[in-house]
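K.L.:
got a structure for you, letters missing:
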């Protein structure tokens, strides 16, 4: 309902929003600092609302529909906001996992604990694989030293964030879904086979 609080978004179609053509790919440093603060101090629900307010107040960086640019983080609240508002369980961001379990897991015979969009209980942290940063060997050996250095710093920061308990608690459809190999294979197998489980 508040999506077009800041001008320029009223004509964005659902198809454009879900195909990274809405012009809302930017997530500036000041917003990221606020989002991390909300997640750490006020919890996952406050962090989700912080993201939704950011999308509501953002203006497209280009005319929507004219080009596609990957929305690495903002896609969480774009796709998640759409799903939340069409869901019958739309009171909180937790409805996304409810819908995932009802519409994907159950038909495919996948246990709810095998697929989560964040919201991971602390007791399950020990079962989650750790992200690791690249070593820059092989084809990366020809990369200039300064790019290796910047890439290494970025990789370490992103891995540290991705491995943190706080990151696993928030719900971010673009970034922190956690799956078992079996569940991932079943879901993509069904996608490749018109919704049917491949033998």
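P.N.:
Ah, there it is. Not measured: the values here are computed from a predicted model.

K.L.:
show me where the chain has its strands.
P.N.:
Assignment of strands within the chain using DSSP state E yields the ranges 115-117, 177-179.

K.L.:
strand partners (parallel or antiparallel) of the first one?
P.N.:
Note on strand 115-117: by DSSP bridges, its sheet partners are strand 177-179 (antiparallel).

K.L.:
number of residues surrounding the closest residue in space to residue 122 that isn't next to it in sequence?
P.N.:
On the basis of CB to CB, 6 or more residues apart in numbering, the spatially nearest residue to residue 122 that is not a chain neighbour turns out to be residue 165, at 6.5 Å. Heads up, the C-betas are built off the backbone N, CA and C, glycines and all. Residues within reach of residue 165, counting by other CB atoms under 10 Å, total 10.

K.L.:
ok, residue 11 next?
P.N.:
With neighbours defined by other CB under 10 Å, the count for residue 11 comes to 11.

K.L.:
need phi/psi at it.
P.N.:
Reported as degrees, to the nearest 10, the phi and psi values for residue 11 are phi -100, psi 0.

K.L.:
that one against residue 64, yeah?
P.N.:
Yes - judged on CB atoms under 8 Å, residue 11 makes contact with residue 64 at a distance of 6.7 Å.

K.L.:
a markdown table for the strands of the chain, including mean neighbour count, distance to residue 27 and mean pLDDT?
P.N.:
What follows is the strands of the chain, written out as a markdown table (neighbours: other CB atoms under 10 Å; distance: least, CB to CB, whole Å; pLDDT from 0 to 100):
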| stretch | mean neighbour count | distance to residue 27 | mean pLDDT |
| --- | --- | --- | --- |
| strand 115-117 | 22 | 18 | 91 |
| strand 177-179 | 16 | 18 | 92 |
